[in-house]
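In: the following comprises the amino acid sequence and a computationally predicted model.
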Amino acid sequence: MNYFAYMFYHTLQKTYYVYIILCYDNTYYTGLTDDLIRRFEEHVNGIYESCYKFKRRPLTMKYYESIHFLTDAIEREAQIKGWSKAKKLALVEGNFHKLQLLSQCNNLSHHKFKNLENGLDSARPLNHPSTLRPFDFAQGSSGKPELAY
């Protein structure tokens, strides 16, 4: 084997797969493997009776992504496992806008709301239609409703 072939052989990267499986009970399972087809067949055939998916078959592969570094794959699997079902569904559907919206913090204690003193309306610009005072209707002297501020 020449030097180039030797170097090429020893620099080949392994590919890892982070995947999401939809179980029969409509739950998601997220996993990590270096052989996606073999691993999915193991899940489908129920090789491990103690596995989460064993009693939740039949299974459907809904999503996978390939990652070249094991540490990155482990981090990605952990990230997805920590997500809500809604976020996993958005990823499976490829709805990245919804995924982004679901990823944003909307708690009032979040730093993006730190300047709010009078509730959410104080964050709107003054000329925004929702910040204009609503009209109050009062009964005028003629008995007809009149606008009052």
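Out: Yes, it's here. Numbering: from 1, shown residues only.
In: can you tell me the SS state at V92?
Out: Following DSSP: H, G, I helix; E, B strand; the rest coil, V92 is assigned to helix.
In: one more: the one 10 residues further on?
Out: For L102, the secondary-structure state derived from three-state DSSP is helix.
In: the residue found closest to it once you drop the neighbours it is linked to in the chain: neighbouring residues, count only.
Out: If the residues on either side of it in the chain are set aside, L102 comes closest to K87, at 4.8 Å by Cβ to Cβ, 6 or more residues apart in numbering. In this view, the C-beta of every residue, glycine as well, is placed from N, C-alpha and C. Look at K87: counted by other Cβ atoms under 10 Å, it has 18 neighbours.
In: surely E65 meets Q79?
Out: No - using Cβ atoms under 8 Å, E65 is not in contact with Q79; the gap is 11.5 Å.
In: which parts of the chain are helices?
Out: With helices called from DSSP state H, the chain shows them at 3-11, 36-45, 70-81, 85-93, 96-103.
In: of all those, which lies closest to L59?
Out: Checking the helices of the chain against L59 by Cβ to Cβ gives helix 36-45 as the closest, at 5.5 Å.
In: export the closest one to PDB, keeping only CA atoms.
Out: Once non-C-alpha atoms are left out, helix 36-45 reads as follows in PDB (Å, rounded to 0.1, in the frame of the first residue of the first chain):
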ATOM      1  CA  LEU A  36     -28.900   2.900  10.600                       C
ATOM      2  CA  ILE A  37     -30.400   0.000   8.600                       C
ATOM      3  CA  ARG A  38     -29.100  -2.700  11.000                       C
ATOM      4  CA  ARG A  39     -30.300  -0.700  14.100                       C
ATOM      5  CA  PHE A  40     -33.800   0.000  12.700                       C
ATOM      6  CA  GLU A  41     -34.200  -3.700  11.800                       C
ATOM      7  CA  GLU A  42     -33.200  -4.500  15.400                       C
ATOM      8  CA  HIS A  43     -35.900  -2.200  16.600                       C
ATOM      9  CA  VAL A  44     -38.500  -3.600  14.200                       C
ATOM     10  CA  ASN A  45     -37.700  -7.200  15.000                       C
END
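In: this completes my enquiry, with thanks.
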